[in-house]
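# Fold the following, please.
(chains A and B)
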2 protein chains.
Amino acid sequence: MSKAKKGKRNVIVGQSGGPTAAINSSLAGVFRTAKDRGYKKVYGMIHGIQGLLEGRYIDLSEHIQTGLDAELLKRTPSAYLGTCRYKLPDISDNKELYDKIFKILNDLEIDCFIYIGGNDSMDTIKKLSDYAIVFGSDIRFVGCPKTIDNDLALTDHTPGYGSAAKYIGTSIKEIIRDGFCLETPKGQVCVVEIMGRNAGWLTASAVLSKGEDCDGPDAIYLPEIAFDVEKFVDKCKKLLEKKKSVVVAVSEGIHTADGTYISEMGNTTEYVDAFGHKQLTGTARYLCDVLSKEIGCKTRAIELSTLQRAASHCASRIDILEAYEVGGAAMKAADEGDSGKMVVIQRLSDDPYQAGTEVKDVHKIANDERLVPREWITEDGTYVTNEFITYVRPLIQGDVAPIMVDGIPRHLYVPGYHELL
Amino acid sequence: MSKAKKGKRNVIVGQSGGPTAAINSSLAGVFRTAKDRGYKKVYGMIHGIQGLLEGRYIDLSEHIQTGLDAELLKRTPSAYLGTCRYKLPDISDNKELYDKIFKILNDLEIDCFIYIGGNDSMDTIKKLSDYAIVFGSDIRFVGCPKTIDNDLALTDHTPGYGSAAKYIGTSIKEIIRDGFCLETPKGQVCVVEIMGRNAGWLTASAVLSKGEDCDGPDAIYLPEIAFDVEKFVDKCKKLLEKKKSVVVAVSEGIHTADGTYISEMGNTTEYVDAFGHKQLTGTARYLCDVLSKEIGCKTRAIELSTLQRAASHCASRIDILEAYEVGGAAMKAADEGDSGKMVVIQRLSDDPYQAGTEVKDVHKIANDERLVPREWITEDGTYVTNEFITYVRPLIQGDVAPIMVDGIPRHLYVPGYHELL
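Now for the predicted structure:
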């Protein structure tokens, strides 16, 4: 039976990987477009594909009932549906699992499957769309990019990155100002640790603090460049000769030429996540201890931690709007028959900033990490260039005023829902 | 010669102790009122009394030239003038030092000396005004309260606290949301470390995250109550039986019944500041390590660190306005002949919130720490009561929209000034 005859049925959408301040805006975009295009139900997988396998999902219409609900959702951090860090096995290794997923999807009368996530999530889209082709399912699978890390291939940038960059730029600027006010006889070095295992996009955005009223951080260390502790100490020593308060931004993922993470040097315990990735923490603390010992200056280690991905109160308007558009574009692509595709953002111009969306083959994207280009890092590897600033500046423009209730931002909430997560 | 005959001369103002998001608003208030009341020059001590002793000061008129400059100053974090942590000796121990200070003040033709700070700063006001009485100077010394710690006696609250509380409430709410989204087989406990050595006002404000859309933190530990690591682990264990994501707020100053700081248990190095206070850091990290070992759950340690005192981008309107008023009231009091006084805020009603300023004798304030009352902490010592919420809620109302330039908040800046600090 052709689609045209049986009419549009249902959509299911999931979120996966680390959350961002913009991922729920994409969810709102998928929902709105699915409804506008005449789909009956829009289901949300709870904790992504992993929850779906356990039969966990909700009917999003019960959660987004009004325009105000949609606005609240756009301003709600974390992932409204919950996420997972679940990597599908190869089809040949476990066909039964795929059979099970497709049975669930068919039982729910799903036409379109939208997955909002990063590299690992695009791998899920790739495998499910491959299975659909091989075994003759006409469900369409489309990926919607999301990651604060900004490390997805083929897209100019990823939704979520702009808001994180705006928060980082703002916070680093406040930290730099704070550093000026205290008298410190031997000077102070503040080391700010920023997320980013292999890609330094987030740490690089510390440069956004720089402007007519602020010199910006004194050095920026990305994981793209091998880190040398001795050179770092020398650099700080030289900086302290010129100024009393030094602020340095470092990626959590910086490592020496032989691949040893700086965070490992200070930690006795090792944490590993579900993907087998080492949890990186303690980089700033370790470097501060070294500086304190070698130079004798005052130090302060700051980890921006969870807040850099969760600070909806400081979101970028461009980012939240683009996340919404990209969600809508993913839904539109699936509705129009695309499968095994991911929506990407294509930049048309820097100033005035203009960008549009396109769909690309997910096979070209999955598991491919996009790093900060070498030419956007200064030759000595301790700062970023103006080309990077030109790239990132448009992505942090404009604000999304939180909806304040009693002095605190309001988020979307349905009584009893959090207990399901 | 009487004041009336010689006319009004000059004012000098300083900032001291830890910075806040509101301390520069008080500076703007002092400046405006001094100018309105006909003083010629308003000098700013660079790095407080310590800088003054080295002859370091600026003419504030060169920095606040327009209404826009004043608005930017109100939105600028850190202490614009720089601060110090300098405690004056007793007059009897070093009269020469006082003679020197008064010579500098007399050379600058100072009538009024305003000091914006906390407990240690009020001690400075007390000693200088005592000296003035004993040795017959007619310079008036008035203190303007400031501290995120909210631990000054006699005042309902201190400017700077409201903005820090708003930032903490907002950030904890975002952290709680973030915790819902990830699947963690054995659950996760996130321990958020908040400033406060002896007084738990800041940590208590974590409760502001609680509302119709958020349950708030699961436990709150203040330094007012002796901390028991074993009971803490038990509490977390019980919480994890009911929910997957637990968020706990702890003061950096929590300590066991025998006075041992929890932060000391984890740290090998000990840091001491200029007042001989131990630097407290690593409390959350240590507790996470214990939980990880005892329960085997996932943990995350977050220190709000510098940002809680510097996050002007998330300031409370009530706080910024009150800080401005209090600055003006201190100047008014000095102008009208008060000396050895501090301005305090007196609350008239909670809802609708109404408050006014008064001047009180600084001898009753200095070096006296106001703690969170025992009856505002629950009996088991792991949360705060509704009375505390009624107290704190009005202080975080309203926003101060940052003046955004190129996507980042703008601060007041005069070229070349930062090099003086």
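
# how far away is the nearest residue to residue A:196 once chain neighbours are set aside from chain B?
Of all residues not flanking residue A:196 in the chain, residue A:251 sits nearest, at 4.3 Å (CB to CB, 6 or more residues apart in numbering or on different chains). Yep, even glycine has a C-beta here, placed from its N, CA and C like the rest. Separation of residue A:251 from chain B (CB to the nearest CB, to the nearest Å) stands at 18 Å.

# Run a quick neighbour tally on the residue of the stretch 101-250 of chain A found nearest chain B.
Using CB to the nearest CB, residue A:213 is the residue of the stretch 101-250 of chain A that sits closest to chain B, at 3.5 Å. By the criterion of other CB atoms under 10 Å in any protein chain shown, residue A:213 has 20 neighbours.

# so what's it up against?
Residues counted as contacts of residue A:213 (CB atoms under 8 Å, 6 or more residues apart in numbering or on different chains) are B:410-413.

# between the residues you listed, which is closest to chain A?
residue B:413 (3.5 Å).

# who are the neighbours in contact with the closest one?
A:212-214 are the contacts of residue B:413 under CB under 8 Å, 6+ apart.

# which ones among these are found in strands?
Within the contacts of residue B:413, no residue falls in strands by DSSP state E.

# can you redo those residues as CSV with pLDDT?
Output for the contacts of residue B:413, formatted as CSV (pLDDT from 0 to 100):
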residue, pLDDT
A:212, 96
A:213, 97
A:214, 97
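
# Which residue ranges of the stretch 301-421 of chain A form strands?
Ranges of strands within the stretch 301-421 of chain A are A:341-350, A:353-361, A:404-405, A:408-409, based on DSSP state E, counting those that start in this stretch.

# coming back round to it: from residue A:309, how far out is the closest residue to the residue of the stretch 101-250 of chain A closest to chain B other than its chain neighbours?
Leaving aside its chain neighbours, residue A:213 sits nearest to residue B:413 (3.5 Å; criterion: CB to CB, 6+ apart). Computed with CB to CB, to the nearest Å, the distance linking residue B:413 and residue A:309 is 30 Å.

# now do residue A:23
From residue A:23 to residue A:309 the distance is 9 Å (CB to CB).

# likewise residue A:196?
According to CB to CB, residue A:196 stands 11 Å off from residue A:309.

# Residue A:62 too?
Relative to residue A:309, and taking CB to CB, residue A:62 is found at 27 Å.

# how about the residues of the stretch 101-250 of chain A near chain B?
Within the stretch 101-250 of chain A, the positions near chain B by CB under 8 Å from any CB of the partner chain are A:166, A:169-171, A:173-175, A:177-183, A:190, A:208-209, A:211-215, A:244.

# Now intersect these with the strands, please.
Using DSSP E, these in strands are residue A:190.

# Only the buried members of the residues of the stretch 101-250 of chain A next to chain B: can you turn that into a PyMOL selection?
Filtering these down to the buried ones (16 or more other CB atoms under 10 Å in any protein chain shown) takes a single PyMOL command:
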select buried, chain A and resi 166+169+170+171+173+174+175+177+178+179+180+181+182+183+190+208+209+211+213+214+244
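
# neighbour-wise, which of residue A:23 and residue A:309 wins?
Looking at residue A:23 and residue A:309 with other CB under 10 Å, you find the greater number of neighbours at residue A:23, namely 31 against 27.

# Which pLDDT does the model give the residue nearest to residue A:213?
For residue B:413, the pLDDT comes out at 96.

# Roughly how far does it sit from residue A:176?
11 Å.
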